[in-house]
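**Student:** sequence unknown, structure follows:
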C-alpha cells in the first residue's frame, strides 16, 4: 500500500536495523525531517522519534485520545529526546 501511495522507500519496523536503514536513505541529514506517528504502541512511537534528525519534527496523530488502549506507554527522556536533539513534538 505504501508503494501505491507514492513511497520512495519502505522499511520494516520489525527489522532491528530500521533506524540504520533510514539514516542511510537520508544520507548526510542523519534522519527524516518529519515523522507522523499513527500507532499507539511504544515500539513504533520510539522508532518515529529515533528516525527524526536533529531539529526535526514528530507529530502524534490521535495519540493522546487513544493512549489508554495501549498496555505500555512511550517514555521520552527530556534531555535525550527533546532538548538534546532539538526535536519539536505535537499531536492532534
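**Tutor:** Perfect, thanks for sending it. Keep in mind it's a predicted model, so treat the numbers as computed, not measured. Numbers count the residues shown, from 1 in each chain.
**Student:** Doesn't residue 35 belong to a strand?
**Tutor:** Yes: counting by DSSP: H, G, I helix; E, B strand; the rest coil, one finds residue 35 located in a strand.
**Student:** That one - nearest residue in space that isn't next to it in sequence?
**Tutor:** residue 48 (4.2 Å; CB to CB, 6 or more residues apart in numbering). Where C-beta positions appear, they are placed from N, C-alpha and C, glycine not excepted.
**Student:** element containing that neighbour?
**Tutor:** Assigned by DSSP states H and E, residue 48 falls within helix 42-51.
**Student:** again, but for residue 19
**Tutor:** With DSSP H and E as the criterion, the answer for residue 19 is helix 18-26.
**Student:** same thing with residue 54?
**Tutor:** Residue-wise, residue 54 maps onto strand 52-60 under DSSP H and E.
**Student:** so residue 30 touches residue 51, yeah?
**Tutor:** No: between residue 30 and residue 51 there is no contact under CB atoms under 8 Å: 10.0 Å.
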